[in-house]
Structures are given as structure tokens and as C-alpha cells.
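Participant: Only the shape, not the letters, is given here:
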């Protein structure tokens, strides 16, 4: 698939995607949603880690309200069901670790696109904003799912109602994202984190994501049962064999499994 709104690069088993509509702060339109979804699926097939970031001064400003393709007869429910849901499911179901490298403003659906990733790393100058209330809408693109889980109910409700800017530092302190890093070290930190995951036990990571996500719906006994089943599966992988051998031989592990 030829990409017009994003850039895709595969290097050292890391698929790097850059949202590339800087003239509209990387606002999401129909084409970008389709291309990004395709890129995530592609990364799941050919990479060991997926990283998405934005070009210019923003990560993503959310829905491009000036997009004539959708604004001419804007059907919000259809857009969410047919365009956003497949994209968010692709990120959620991606078999390899996903990183949102938030380089600047992440607003509305753009903020929630970032939160759909397994790990969010933000530059300290970046910020998040649930801007929906400013135009009479509710948080969408998974916002009502991610926010209370990642920052707690009280903070999620305030973020939705007041639509205040949340700095990267605040987001990190509140548990909304993994970390906020100085702008001067942002690229270095993202690269280091991505390489760590790309050279790690991919099979283990996939099972780990499954276990943590399902914990919200399970009782303790159900989760213990799930842990046992998934750990048994992990113990039968080449990654586990390699990890143990590397430990015994006192050398770095060389993971190659998927």
C-alpha cells in the first residue's frame, strides 16, 4: 500500500511510523486512519516493535475538522465504527509491543490514539488534552476506556469535563503515560526503549499484554488460573529456552521467536 499521509520505515526490526500532515498538526482524516491501520498490521507481520510519532510540532491534533471528505456530511457514529474502531483494534491487537512517541500536542482523538499504545513516552514539552467538551462532544477513540484505567476515575472525569491541558510531566505523575523525558533526550530515549523491546522475548511480551489486559475483568482466582495457563505457554517457547541458557552461560540472550 502506498502511503500519502504517513511515513513508514523498518530498521533493526523496529517499524517506525510518522504521522505526516504537519500543516494540520497531523490531524486524522479518512486516508490517515486507513494508512495507519495498514501500517500497524504490516508492523505486526514484519517487525518486533512498532513506534508511532508525529512530524512537526504535534503528535496528533485529533480529528481533522477541516477534512472535506468527512465534514461535508459528518456522521460521527459511522466514522467511529467504520474508521476509528478498526484502527484502534489493530493497535490493541498488534502482536508486538507498541510505543507512542508523543513529540508534541496530542489532542482529542490524537491523545487517545497515543493511549492505545502499550507504552507512551512523551517529550516534556508535549501535552495531552481531551478537547471534546469544547465542541459539545464526549471523549471517543477509546478515551472513555483508557482514561479511567490509566489515570483513575477522578482524574479521568476532570480531564473530560474541564478539557484542560495535561502536561507530559503531569501525565507521567498521574500514571496516564509511562514517562516524560527532556526534549533534548527524547529521540535517544525512544530509540533505546524501542531497541530494548525489539531485541526482547516477543512471545513473552504478547502473553504479558494479554494477561495484564484481562486482569480488569477477572477475579483473583480467575487471574491466577490465567497466569498459570499463559506461563505454561511461555515456558514452551524458544524465548524461554534461550533466556535460561543465556542466564546459565552468563551472556546476553539472543531472542528470535515471534
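Facilitator: On my side now, so go ahead. Computed from a predicted structure; not experimentally measured.

Participant: Not counting sequence-adjacent ones, nearest residue to the residue nearest to the spatial centre of the chain?
Facilitator: Nearest to the mean C-alpha position of the chain, counting by CA atoms, centre = their mean, stands residue 117 at 1.5 Å. For residue 117, ignoring the flanking residues on the chain, the nearest one in space by CB to CB, 6 or more residues apart in numbering is residue 100 at 3.8 Å. Backbone N, C-alpha and C define where each C-beta goes, glycine included.

Participant: The one you found: neighbour count?
Facilitator: Using other CB atoms under 10 Å, residue 100 has 29 neighbouring residues.

Participant: Given the host helix or strand of it, what are its sheet partners and their directions?
Facilitator: Using DSSP states H and E, residue 100 maps to strand 98-102. Partner strands and pairing direction for strand 98-102 (DSSP bridges) are strand 49-54 (parallel), strand 119-123 (parallel).

Participant: could you dump those to JSON lines with mean pLDDT, distance to residue 140 and mean neighbour count?
Facilitator: Converted to JSON lines, the strands paired with strand 98-102 look like this (pLDDT from 0 to 100; distance: least, CB to CB, whole Å; neighbours: other CB atoms under 10 Å):
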{"stretch": "strand 49-54", "mean pLDDT": "98", "distance to residue 140": "19", "mean neighbour count": "26"}
{"stretch": "strand 119-123", "mean pLDDT": "98", "distance to residue 140": "18", "mean neighbour count": "25"}
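
Participant: will you turn those into JSON lines that also has distance to residue 151?
Facilitator: Formatted as JSON lines, the strands paired with strand 98-102 follow (distance: least, CB to CB, whole Å):
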{"stretch": "strand 49-54", "distance to residue 151": "21"}
{"stretch": "strand 119-123", "distance to residue 151": "11"}
